[in-house]
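Enquirer: next input, structure requested:
(one chain, ligands or ions: 2)
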Amino acid sequence: MASYLQIADDEKGHELDLFCIPRHYENDLDKVIIPHGLIMDRTERLARDIIQDMGGHHIVALCVLKGGYKFFADLLDYIKALNQNSDKSVPLTVDFIRVKSYCNDESTNSVKVIGGDELSNLRGKNVLIVEDIVETGRTMQTLLSLLGECHPKMVKVVSLLVKRTPRSSGYRPDYIGFEVPDAFLVGYALDYNEYFRDLSHICILNDRAKEKYKVINKERPLRCNGVQEESFVSPFD
Ligand code: IMP
Ligand code: MG
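Expert: Ligands and ions are numbered 1, 2, ... in the order given. The predicted structure follows:
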């Protein structure tokens, strides 16, 4: 079983005033729940664990966009540092895939792969899937079954966060950074309708912000979980 840092349900988090938060998000957040520095420290250890288990062979690191991009970049920097500073080193290449399953703060029932590299390139490879957060587990289970059709040699999954939720299918990644309460989290590339990726710390979104940044498209509600991007008026305009 993967070990992880547990953020308890009654964790109070940290006051926003104690950290640097972009002005444009000051009224949208409840608390800082995982400061950026702690994310980095935990990521450094995940890099070490992954290299100890998967090391020795070429690894293809597959970034699940968009939410995974910050974690992916930082995790790979730590793996690079290990490669540069030890006797053993592991060749690493990168691939990207884009999936979408969320609208507002709810998981839609469809998980869509909407771009990225050809999964068939992964045949015979040792693949490390890098994800931001696992909630129901549906996105990862869909991705794993798609990947299985391409016959990689080995697949491991690292997720920075796993949410404790009754909606979970029971799926658990091989490596987990933090287990978090059942709240909607933003920051460090996790978004709410594309906002908050430009926030360094992982924070809890407040209810007012859920309304402020909500995607409302009464005429064409299906666009919400469709392939194309939603068009909506920016709350900053
Ligand atoms: P799952 O398929 O329910 O496991 O959801 C996984 C995907 O939903 C993640 O890759 C995220 O993109 C998104 N997601 C789930 N929970 C959150 C959250 O609290 N904040 C931001 N995105 C989330
Ligand atoms: Mg994701």
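
Enquirer: so how far is ligand 1 from the residue lying closest to N206 once chain neighbours are set aside?
Expert: In space, and not counting its chain neighbours, N206 is closest to D30: 4.8 Å by C-beta to C-beta, 6 or more residues apart in numbering. Where C-beta positions appear, they are placed from N, C-alpha and C, glycine not excepted. D30 sits 13 Å away from ligand 1 when distances are taken as C-beta to the nearest ligand atom, to the nearest Å.

Enquirer: which strand residues bridge D95?
Expert: Applying DSSP bridges to D95 gives these bridge partners: L62.

Enquirer: which of the residues in the lowest-mean-pLDDT helix or strand in the chain are buried?
Expert: Using mean pLDDT, DSSP states H and E, strand 106-116 stands out as the lowest-scoring helix or strand of the chain, at a mean of 73. Neighbour-count burial for strand 106-116 flags V111 (criterion: 16 or more other C-beta atoms under 10 Å).

Enquirer: go on, stretch 76-92?
Expert: 76, 78-79, 82-83, 90.

Enquirer: let me know the closest of the residues you listed to G67.
Expert: Nearest to G67 among those is L76, at 15.8 Å by C-beta to C-beta.

Enquirer: hang on, the closest one packs against L92?
Expert: Yes: judged on C-beta atoms under 8 Å, L76 makes contact with L92 at a distance of 6.9 Å.

Enquirer: what touches both of these two?
Expert: A61 (C-beta atoms under 8 Å, 6 or more residues apart in numbering).

Enquirer: so what's the residue of the chain found nearest ligand 2 closest to, chain neighbours aside?
Expert: Going by C-beta to the ion, ligand 2 is nearest to G67 of the chain, at 3.5 Å. Computed as C-beta to C-beta, 6+ apart, the closest residue to G67 that is not its neighbour in sequence is D132, at 3.7 Å.

Enquirer: next up, the contacts around that neighbour.
Expert: With C-beta under 8 Å, 6+ apart, D132 has these contacts: 64, 67-68, 70-71, 159-161, 188-190.

Enquirer: give me that answer again for 6 Å
Expert: Taking C-beta atoms under 6 Å, 6 or more residues apart in numbering, we find D132 in contact with 67-68, 71, 160, 190.

Enquirer: ok so, going back, residues near the residue nearest to N206, how many?
Expert: 15 (other C-beta atoms under 10 Å).

Enquirer: pretty sure it sits in a strand.
Expert: Yes: the assignment for D30 is a strand, going by DSSP: H, G, I helix; E, B strand; the rest coil.

Enquirer: so which residues of the chain form helices?
Expert: Using DSSP state H, the helices of the chain run over residues 36-54, 69-85, 138-148, 207-212.
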